[in-house]
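Trainee: Here's my sequence, what's the structure:
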Amino acid sequence: MASGAGLQTLGTPNVSVATGVSADGNVVIGYVNQGGTVRAFYWTESTGAQMMMGFGGANIAANDISPDGRVVVGYADYPDYRRHACRWLDPNQPPQDIHTMSNSTLSIAWDVSASGDIVVGQYHPTGGTVSLAFRWTPQRGMEDLNTVYADLLPIGSVLFHALAMSPDGRFIVGSGINGLTGRREAFLLDTRVPCRAHSGDVDENGCVDDADLLAVLFAFGQTGQDLGRVDVNCDETVDDADLLTVLFAFGQGC
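Mentor: Just a heads-up that it's a prediction; the model follows:
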């Protein structure tokens, strides 16, 4: 635990803001404003406030930290003024650039999951007039939540900013336009999509083939509610029944 009781100052320069803290209170992150330039800091009681590294541009901001104090997310500017969402795995090293949207040069990360492997925020499409909410994972990169969860959104709805999420990354909150009311409103998105049983086309490419068979084989034995389409019959277990469904349908649509 952080030592001392009551209010503790962090010894940061003037005009500083703390934006996140680890679960044990031993790590604090935030930013200082130095003549209009934003610089991120990482504070511990033993080291004090350390300025964090970026991509060589002017502004660096730390917006959130994982509960264990291991992962920090925010943004950093490049010298050519691109602003990219990033993830620090070591405050003394340059961050990981997690911006993977080819149609955008600006993004900001606002929150990170407890594991440090899910990040949410906003990006601004080139030529667009509004920012759009994104989710990033190491496996899938940066995804537009409006695209991934299009089936869940009422017609005309747009998710602008993903500002926070539950520790496991399942629930995401932010702001957007509600197509039913035409108003800008807060949103709560449950990313656990109900399982839908299918005939064996795991990757949904219209052909039941080796890729579908291998997907089920690699997931064989897994259990849980978030297995995805490898749980062909939606019984929360990848087992013989799922494998047989794919085998009996093998070659269909190819």
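Trainee: Break down the stretch 1-150 of the chain into its helices, ranges please.
Mentor: For the stretch 1-150 of the chain, the helices defined by DSSP state H, counting those that start in this stretch occupy 145-148.
Trainee: which sections of it are below the confidence cut-off?
Mentor: 1-5 (pLDDT under 70).
Trainee: Break down it into its strands, ranges please.
Mentor: 16-21, 27-34, 37-44, 48-51, 60-65, 72-77, 83-88, 96-97, 104-112, 119-125, 132-137, 141-144 (DSSP state E, counting those that start in this stretch).
Trainee: Distance to Asp239 and mean neighbour count for those - can I get that in CSV?
Mentor: C-beta: built from backbone N, CA, C; applies to glycine. Below are those laid out as CSV (distance: least, Cβ to Cβ, whole Å; neighbours: other Cβ atoms under 10 Å):
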stretch, distance to Asp239, mean neighbour count
strand 16-21, 42, 17
strand 27-34, 43, 20
strand 37-44, 46, 20
strand 48-51, 50, 15
strand 60-65, 39, 24
strand 72-77, 37, 27
strand 83-88, 36, 25
strand 96-97, 37, 16
strand 104-112, 34, 23
strand 119-125, 33, 24
strand 132-137, 26, 24
strand 141-144, 29, 17
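Trainee: Tell me which of those strands lies nearest to Leu213.
Mentor: Ranking the strands of the stretch 1-150 of the chain by distance to Leu213, with Cβ to Cβ as the measure, places strand 132-137 first at 24.9 Å.
Trainee: returning to what we had before: with distance to Phe250 as extra columns, can I get the strands of the stretch 1-150 of the chain in a markdown table?
Mentor: Below are the strands of the stretch 1-150 of the chain laid out as a markdown table (distance: least, Cβ to Cβ, whole Å):
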| stretch | distance to Phe250 |
| --- | --- |
| strand 16-21 | 50 |
| strand 27-34 | 52 |
| strand 37-44 | 53 |
| strand 48-51 | 57 |
| strand 60-65 | 46 |
| strand 72-77 | 43 |
| strand 83-88 | 41 |
| strand 96-97 | 40 |
| strand 104-112 | 40 |
| strand 119-125 | 38 |
| strand 132-137 | 30 |
| strand 141-144 | 30 |
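Trainee: Can you give me the buried ones in the helix or strand hosting Ile177?
Mentor: According to DSSP states H and E, Ile177 maps onto strand 171-178. For strand 171-178, the neighbour count (16 or more other Cβ atoms under 10 Å) marks 172-178 as buried.
Trainee: That one pairs with which strands?
Mentor: Strand 171-178 has its sheet partners listed here by DSSP bridges as strand 158-165 (antiparallel), strand 183-190 (antiparallel).
Trainee: and among these, the most buried is which?
Mentor: Ranked by mean neighbour count under mean count of other Cβ atoms under 10 Å, these are led by strand 158-165, which reaches a mean of 20.
Trainee: Thanks again, I'm all set now.
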